[in-house]
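Undergrad: coords please:
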Amino acid sequence: MVDAHGLGPCALKRHGGSSPLPGTSCDIIGIQTSTMATTLQKAIDGTITLTIAIPAADIEKAKKEVLESFSKEAQVAGFRKGKAPKKLVEDKVNEDKLREEILRTTLPKAYVAAVTEQKLQPVLNPKIHINKIEEGKDWTFTAVTCEAPKLNLGDYKKRVQDVTAKSKIIVPGKEQTSPSLDDIVSALLSGIDGAIPSVILDQEVDRLLAQTLDEIKTLGISLEQYLSSTNRTVEGIRQEYKKRAENDVKLEFALQQIAEDAKIVIEEKEIDEAIQKAKDKKEQEQMQANRYLLTSILRQQKTFDYLKNL
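TA: Numbers count the residues shown, from 1 in each chain. You can find the predicted model right below:
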């Protein structure tokens, strides 16, 4: 399966094979709309698999539009650009390229329609797998994604207060020290319960592995040399990262829930002030172009400050 860029939460506002997913138990809900059929499967860990059929009529319409676009750009010997007979252009079109363009046109719309119909709020780009493509028939694909996991935070305030209270005790002759962020995070995570969708964990593990490979490349050594020198295996590293990823993801969503409960918001002026503090104009432009991400980071920081002051 491959990432389908542009199909994630930003498209709405933020893997293939047989189903259900191996090793999971799913509740299956089927719906039929006037334009397409969608089946939803939800695993115990919250991973969602949508199986979507794009109607043959929609495929045929998209095919005509794509061929029309190809005709306007086609350069055929003996004819001016875009003036060659359509039949001649169609005969020369690469079938793989044609199918790719049809999918590029129809798949995002079908995915967004399915997500809207099922009243879902995905938090990451889906993993897409094309299941079936046949001339004159519906085209089907699966999209694997998930919504934000609902975690049971327990009495997180008490756990954090047990850490922060130590810094509030005044001992003569000793300087007060603020609780470390690591201590607060450990206290917060220690009482959290709830499953993290495997699709999120897999994505985070892949990101951490890619980061490690980049660092190895920077050192000028091969992966084999790195593994040998550290006495590790790829699978061993992946397992290490899976645990790290689980804690990172739990922390991220826990902070989101706390921010919502505590009504922590970021004002536009706070975003502008953060941008103004950037080290140079290029960084300012990058931050300006990613205001949504910047808002998320500032909200996390504000949430940590809230926890420190409990």
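Undergrad: Could you give the separation of stretch 99-110 from the chain centroid?
TA: 20 Å (CA atoms, centre = their mean, to the nearest Å).
Undergrad: buried sites along it?
TA: Residues of stretch 99-110 classed as buried under the neighbour-count rule (16 or more other CB atoms under 10 Å) are 99, 101-103, 105-108, 110. (Each C-beta comes from the backbone N, C-alpha and C, glycine too.)
Undergrad: again, but for stretch 55-63
TA: For stretch 55-63, by 16+ other CB under 10 Å, it's 55, 58-59, 62-63.
Undergrad: next one: stretch 47-57
TA: Quick answer for stretch 47-57 (16+ other CB under 10 Å): 47-55.
Undergrad: Please apply the same query to stretch 274-290.
TA: By neighbour count on 16+ other CB under 10 Å, the buried set for stretch 274-290 is 274-275, 287.
Undergrad: With stretch 226-245 instead?
TA: 226, 237, 241, 245.
Undergrad: any idea how far residue 218 is from the third one?
TA: Residue 241 sits 19 Å away from residue 218, going by CB to CB, to the nearest Å.
Undergrad: What pLDDT is listed against residue 4?
TA: With respect to pLDDT, residue 4 scores 40.
Undergrad: which helix in the protein runs the most residues?
TA: helix 234-261 (DSSP state H).
Undergrad: Packing partners of that helix?
TA: Judged by 3 or more CB pairs under 8 Å, 6 or more residues apart in numbering; DSSP states H and E, the packing partners of helix 234-261 are helix 181-190, helix 198-219, helix 291-308.
Undergrad: okay if I get those as a markdown table plus mean pLDDT, distance to residue 68 and mean neighbour count?
TA: Converted to a markdown table, those look like this (pLDDT from 0 to 100; distance: least, CB to CB, whole Å; neighbours: other CB atoms under 10 Å):
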| stretch | mean pLDDT | distance to residue 68 | mean neighbour count |
| --- | --- | --- | --- |
| helix 181-190 | 93 | 56 | 15 |
| helix 198-219 | 92 | 37 | 15 |
| helix 291-308 | 93 | 36 | 16 |
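Undergrad: Tell me how far the nearest residue to residue 133 once chain neighbours are set aside lies from residue 227.
TA: Nearest in space to residue 133, with sequence neighbours left out and distances taken as CB to CB, 6 or more residues apart in numbering, is residue 139 at 5.1 Å. Distance, residue 139 to residue 227, using CB to CB: 42 Å.
Undergrad: Can you give the distance of stretch 107-114 from its chain's centre?
TA: Centre to centre, stretch against its chain (CA atoms, centre = their mean), the figure for stretch 107-114 is 16 Å.
Undergrad: do the same with stretch 251-258
TA: Distance, centroid of stretch 251-258 to centroid of chain: 16 Å (CA atoms, centre = their mean).
Undergrad: What lies in contact with that stretch?
TA: Residues from elsewhere that reach stretch 251-258, judged by CB atoms under 8 Å, 6 or more residues apart in numbering: 148-149, 151, 153, 156, 185, 188-189, 192, 196, 264, 299-300, 303-304, 306-307.
Undergrad: Count the residues that sit near the closest residue to residue 47 other than its chain neighbours.
TA: The shortest distance from residue 47 to any non-neighbouring residue, by CB to CB, 6+ apart, is to residue 197 (4.5 Å). By the criterion of other CB atoms under 10 Å, residue 197 has 24 neighbours.
Undergrad: residues contacting residue 197?
TA: Neighbours of residue 197 in contact, by CB under 8 Å, 6+ apart: 43, 45-48, 146, 149.
Undergrad: same thing but at 7 Å, please
TA: By CB atoms under 7 Å, 6 or more residues apart in numbering, the contact set of residue 197 is 45-47, 146, 149.
Undergrad: Which of these fall within strands?
TA: 47, 146 (DSSP state E).
Undergrad: Work out for me the element the spatially most central residue of the chain sits within.
TA: Closest residue to the average C-alpha location of the chain: residue 124 at 2.5 Å, with CA atoms, centre = their mean. Counting by DSSP states H and E, there is no helix or strand that carries residue 124.
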